[in-house]
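1. One predicted model, sequence on top.
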Amino acid sequence: MVLVIVVAVVALLAGLAANRFLRPRLMSDDDAGMAVKDLVGPLLTLTVLLLAFVLVTASGSYGKAEVASRGEARALDQLTEIAEYTPASERERIQADAVCYARAVRAQEWPAMADDGSGSAAPSIWSTDLRHSFRDVEGKPVFGMLIAADNKRSDEREERLTQATASIPSAIFWFLLATLTITVVALAVCLPRRNNRGQLIVLTVITALLTTTLCIIRDVDRPFGGVINVEPTAISEVERQATRDFIAHHEAGDLPCDDDGNRRSA
């Protein structure tokens, strides 16, 4: 970074020196040259390119968050289906833990991600209990299937939590905001002072478009907390199906957790 700054400063100083000492030998007219409006075009282009690049990055993070959420739900659903091939006692525990895990993710971890991008410890309680329940079927053919499904669930959850945090550093966002401000001010300086209604309308539209783009970037960069957010639809559907499978053999009151995924007191 220091090298980039040094090179940029040297280039600026060299350019100013060339303007002062070399230009008089090359051009006789000291007043000829680029006007301010000639420099605004490249500035606007740079701003648009920066916004487009960052928007693609933020959209990629949003897409990964959505894919991870669905992948986690599919893995959990697969785990509950595999549990049907285990003995009754193990099946009850696995399916109950799956229901409680889904409830904890939906009711506690999703709001936590929306708030500050962090996770919750509640789902980990049930994922740990899930792994403990696998010990009772160790050595049986179904054991490997359960481990594979749970590893997939764990990987997808980790990816979901990773994408919950902002992928664009605050420094870059503030740089984009400063660039947008400079661009709009520079465009306004180049407008005529009279009979400028049409130009003012165009400037307003350009400002609105650039501002909307930056707002979309800010919103999409928070996949679980913005206006354009990833809803817990997939995990909620798995919760519904897992609950249905559990109460097919047991009472709903036999679940070891409440509706929010908290462990019931003894």
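-> Now that the structure is in, tell me what you want to look at.
2. same for the helix or strand that residue 50 is a member of, what does it pack against?
-> Assigned by DSSP states H and E, residue 50 belongs to helix 36-82. Judged by 3 or more CB pairs under 8 Å, 6 or more residues apart in numbering; DSSP states H and E, the packing partners of helix 36-82 are helix 88-104, helix 141-164, helix 170-189, helix 197-220, helix 233-247. For every residue, glycine as well, the C-beta is placed using N, CA and C.
3. redo that, cut-off 10 Å
-> For helix 36-82, the packing partners by 3 or more CB pairs under 10 Å, 6 or more residues apart in numbering; DSSP states H and E come out as helix 88-104, helix 122-134, helix 141-164, helix 170-189, helix 197-220, helix 233-247.
4. and the third one, how far out from the chain's middle?
-> Okay, so that is helix 141-164. Remark: helix 141-164 is offset 20 Å from the chain centroid, using CA atoms, centre = their mean, to the nearest Å.
5. what about it, average pLDDT?
-> Averaging pLDDT along helix 141-164 yields 91.
6. Just list what it packs against, helices and strands only.
-> With contacts taken as 3+ CB pairs under 10 Å, 6+ apart, helix 141-164 sits against helix 36-82, helix 88-104, helix 110-116, helix 122-134.
7. got the CA coordinates for the second one in PDB?
-> Meaning helix 88-104. Taking C-alpha atoms only, helix 88-104 is exported to PDB below (Å, rounded to 0.1, in the frame of the first residue of the first chain):
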ATOM      1  CA  ALA A  88     -36.600 -46.600  17.800                       C
ATOM      2  CA  SER A  89     -34.800 -45.000  20.700                       C
ATOM      3  CA  GLU A  90     -32.100 -43.500  18.600                       C
ATOM      4  CA  ARG A  91     -34.600 -42.400  16.000                       C
ATOM      5  CA  GLU A  92     -36.600 -40.500  18.600                       C
ATOM      6  CA  ARG A  93     -33.500 -38.700  19.900                       C
ATOM      7  CA  ILE A  94     -32.100 -37.800  16.500                       C
ATOM      8  CA  GLN A  95     -35.400 -36.500  15.100                       C
ATOM      9  CA  ALA A  96     -36.100 -34.600  18.300                       C
ATOM     10  CA  ASP A  97     -32.700 -32.900  18.100                       C
ATOM     11  CA  ALA A  98     -33.300 -32.100  14.500                       C
ATOM     12  CA  VAL A  99     -36.500 -30.300  15.300                       C
ATOM     13  CA  CYS A 100     -34.900 -28.400  18.200                       C
ATOM     14  CA  TYR A 101     -31.900 -27.500  16.000                       C
ATOM     15  CA  ALA A 102     -34.200 -26.100  13.300                       C
ATOM     16  CA  ARG A 103     -36.200 -24.100  15.800                       C
ATOM     17  CA  ALA A 104     -33.000 -22.700  17.400                       C
END
